[in-house]
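Chemist: what's the 3D shape of this:
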Amino acid sequence: MSQAANAQGKIMLACHDLTRIYREGPQDVTVLDGLALEVRAGERVAIVGSSGSGKTTLLNLLGGLDRPTRGEVRIAGESLLDLGEAALGRFRNRHIGFVYQFHHLLAEFTALENAALPLIVRGQSKKAAESRARELLVRVGIAERADHKPGELSGGERQRVAIARALVTDPSLVLMDEPTGNLDQTTAASILALMDELARTTACAFVIVTHDPAMAAHQDRVLKLDGGRLAEQHDLT
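Modeler: Predicted coordinates:
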């Protein structure tokens, strides 16, 4: 039985009462206010909302890059609140993959080296890490560009490397921040097709922040962030 089949129905991400308040001068600004969310293995959830609605803040909390003022995030059953900074770093490396609008690849490294980096950081040998990374580059359709550096790759190719890097650790959760926002329509469509295939064949949960109605509509669910909370969004016009 495949990894995806084994994990089917499992809640990979759960948060409740998620609240983030920032202090701006004498004022408290509430960006997220008692937000709740569950995402299951293989499920793709799009998060939409106006600029300044808190989408980036939410991703940072889900990814353990920021701490909530109140509430809890659980990934693969583990509460991020229970983890100190060092343990949280190790947990992110094992359980969370990140894909951004701008790929954040290291310019001096090849596509293969960039994709292998999370495993090398974990302590795997370079040989083992690059062997696993090469498998992912094959999977995302860019194996023939493995020895090229980011400056020699197109925007779509760089984003495929970034997706391979995010998946190389077999994460429980992949967080995507405008993953096609910097790509032309044809290339964006190819990335969407790739994400479809990955959702079918991996046990990951995907949370995708996007301004693109077409990308949002392509996901299993669309949630709108408004007033610090999430609500199901059915009309994307």
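
Chemist: List the residues that contact the residue nearest to V161 when sequence neighbours are not counted.
Modeler: For V161, ignoring the flanking residues on the chain, the nearest one in space by CB to CB, 6 or more residues apart in numbering is A111 at 4.6 Å. For every residue, glycine as well, the C-beta is placed using N, CA and C. A111 is in contact with 105, 137, 142, 145-150, 153, 157, 161, 164, counting by CB atoms under 8 Å, 6 or more residues apart in numbering.

Chemist: element containing the spatially most central residue of the chain?
Modeler: Nearest to the mean C-alpha position of the chain, by CA atoms, centre = their mean, lies L175 at 1.4 Å. Using DSSP states H and E, L175 maps to strand 173-177.

Chemist: For that strand, name the packing helices and strands.
Modeler: Judged by 3 or more CB pairs under 8 Å, 6 or more residues apart in numbering; DSSP states H and E, the packing partners of strand 173-177 are helix 55-62, strand 96-100, strand 205-209.

Chemist: Which one of the ones you listed lies nearest to P68?
Modeler: P68 lies closest to helix 55-62 among these, at 5.5 Å (CB to CB).

Chemist: Next, the angle from that closest one to strand 173-177.
Modeler: 160 degrees (axes from the mean of the first three to the mean of the last three CA atoms, to 10 degrees).

Chemist: Could you name the helices and strands sitting against helix 55-62?
Modeler: So helix 55-62, by 3+ CB pairs under 8 Å, 6+ apart, packs with strand 11-24, strand 27-40, strand 44-48, strand 70-75, strand 173-177, strand 205-209.

Chemist: contact partners of the third one?
Modeler: Pointing back at strand 44-48 there. 37, 39, 55, 58-59, 195, 199, 205-211, 213, 215-225, 230, 233, 236.

Chemist: Please repeat the previous calculation with a cut-off of 6 Å.
Modeler: Here strand 44-48 makes contact (CB atoms under 6 Å, 6 or more residues apart in numbering) with 39, 55, 199, 206-210, 216, 219-225.
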